[in-house]
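**Q** The sequence and its predicted three-dimensional model are supplied below.
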Amino acid sequence: MRFDLSEDQSLLREATRDFLATESPIDVSRKISDTVEEGFSREHWSKLAELGYLGLLAPESAGGQGLGPIELAVVCEEMGRVGFPGPYLDVVLAAKMLEAAGRMDVVEEIVSGSAIVVLASCDRVWPTDTSAVRYADGRVAGTKYFVPFGAVADRLLVTTDAGVVLADGPFETRPMETIDEGQRFAEVTLDHAAELLGGEEIVDCVADLDRVATAAMALGVAERALEIAVAYSKERETFGRPIGSYQALQHRMADMLLGAESSRSTVYRAAWALAHDQENAPLLCASAKAAAAAAATHNTRESLQMHGGNGFTWEYDIHYYLKRAVTLETRCGGREAAYEDALSAL
């Protein structure tokens, strides 16, 4: 099939790229990640709300724009290109889950930027762990791990033995460090009053959306890693010649281009299928996640290697993108889970 963005979608891409280039280019993203304890800019968050990004998927009745998977993919791709820090995707998905649960009042809070709500779903650190979060008599108790931006969450959607519950903060948290300084994860200890919203279907309803949005963000990382490699190959010289003139490196960059462009086709095919309720959407979304995450990891590693020793230094940006690629690859259960999801959808 031939797919092109509509005029409105193209305008969204241009507007998003201009906004991020002005407010959070890579040097600003890195500075925020390194110096702001919360891991993101509250000023940027307010602007995301003001410009309608936090309500991208929310219905117009809740103050949102009522857009769909293709538009989310467009925004996430651009955020991947600049390594945008913060819980944007997690919060947008939480709003979609709350919409499914009928809690439009909380959706309105998210859209306005007055509340940060994320999903807490990880019950264990190691496969042998057996702890579980329990819900009984209107209270949720237990521990969740790797909760994205859990330390700044006003409310949490929590998976429990009884279903998905909504708990209000503040929460007792402990930082869980990863290699990606642009993300924040927390261990959250729960002993809170909570409201039971429903069963696993609340989380399942955004699973494919999560996969395709994560894939789009990884696509942005893969594209930018290639651009960085090409630019460096033109300026770095050995034996009086730019390293980009050597055929061995040209072949490697051609492979990077192939990975990025193939991922682009896969991502937007999946987003289109999801937007149009196609029967094969689950297969395409899982395939897009696997392909784009692999391309992002491959391209960032190749780009770093082409930088030689400079690629490992703090002054160059490529290591930041590599760390983000690793984070995105582990999201939604990792590459193996994406393969399993794709196979189960056949």
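**A** Received, thanks.
**Q** ranges for the strands of this structure?
**A** 117-120, 134-136, 139-148, 155-159, 164-168, 172-175, 185-198, 237-238, 241-242 (DSSP state E).
**Q** Pull up the pairing partners for the last one, direction included.
**A** Translated: strand 241-242. Applying DSSP bridges to the sheet, strand 241-242 is found paired with strand 237-238 (antiparallel).
**Q** Pull the contacting residues for the nearest residue to residue 155 once chain neighbours are set aside.
**A** Leaving aside its sequence neighbours, residue 155 sits nearest to residue 117 (CB to CB, 6 or more residues apart in numbering; 4.6 Å). C-beta coordinates here come from the backbone N, C-alpha and C atoms, glycine included. Counting by CB atoms under 8 Å, 6 or more residues apart in numbering, residue 117 makes contact with 91, 94, 95, 98, 106, 109, 110, 153, 154, 155, 156, 157.
**Q** With neighbour count and distance to residue 4 added, can I get these in JSON lines?
**A** Shown next, in JSON lines, are the contacts of residue 117 (neighbours: other CB atoms under 10 Å; distance: CB to CB, whole Å):
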{"residue": "91", "neighbour count": "24", "distance to residue 4": "29"}
{"residue": "94", "neighbour count": "26", "distance to residue 4": "31"}
{"residue": "95", "neighbour count": "29", "distance to residue 4": "28"}
{"residue": "98", "neighbour count": "26", "distance to residue 4": "33"}
{"residue": "106", "neighbour count": "23", "distance to residue 4": "36"}
{"residue": "109", "neighbour count": "20", "distance to residue 4": "36"}
{"residue": "110", "neighbour count": "27", "distance to residue 4": "31"}
{"residue": "153", "neighbour count": "28", "distance to residue 4": "38"}
{"residue": "154", "neighbour count": "16", "distance to residue 4": "39"}
{"residue": "155", "neighbour count": "22", "distance to residue 4": "39"}
{"residue": "156", "neighbour count": "26", "distance to residue 4": "39"}
{"residue": "157", "neighbour count": "26", "distance to residue 4": "36"}
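**Q** of the residues you listed, closest to residue 223?
**A** residue 91 (24.2 Å; CB to CB).
**Q** OK, contacts around the closest one?
**A** 54, 110, 116, 117, 118.
**Q** Relative to residue 64, how far out is the second one?
**A** As defined by CB to CB, to the nearest Å, residue 110 lies at a distance of 9 Å from residue 64.
**Q** which residues are in contact with both of those two?
**A** Common neighbours of residue 110 and residue 64 (CB under 8 Å, 6+ apart) are 55, 58, 95.
**Q** mind listing what's buried in the helix or strand bottoming out on mean pLDDT in the chain?
**A** Least confident element among the helices and strands of the chain, by mean pLDDT, DSSP states H and E: helix 334-344 (a mean of 79). Within helix 334-344, the residues scored as buried using 16 or more other CB atoms under 10 Å are 335, 337, 338, 341, 342.
**Q** Kindly present the strands of the chain as JSON lines, with separate columns for distance to residue 102 and mean pLDDT.
**A** Formatted as JSON lines, the strands of the chain follow (distance: least, CB to CB, whole Å; pLDDT from 0 to 100):
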{"stretch": "strand 117-120", "distance to residue 102": "15", "mean pLDDT": "97"}
{"stretch": "strand 134-136", "distance to residue 102": "18", "mean pLDDT": "95"}
{"stretch": "strand 139-148", "distance to residue 102": "19", "mean pLDDT": "95"}
{"stretch": "strand 155-159", "distance to residue 102": "13", "mean pLDDT": "97"}
{"stretch": "strand 164-168", "distance to residue 102": "11", "mean pLDDT": "96"}
{"stretch": "strand 172-175", "distance to residue 102": "28", "mean pLDDT": "96"}
{"stretch": "strand 185-198", "distance to residue 102": "8", "mean pLDDT": "96"}
{"stretch": "strand 237-238", "distance to residue 102": "62", "mean pLDDT": "86"}
{"stretch": "strand 241-242", "distance to residue 102": "60", "mean pLDDT": "92"}
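**Q** Since that was my last question, I'll sign off now.
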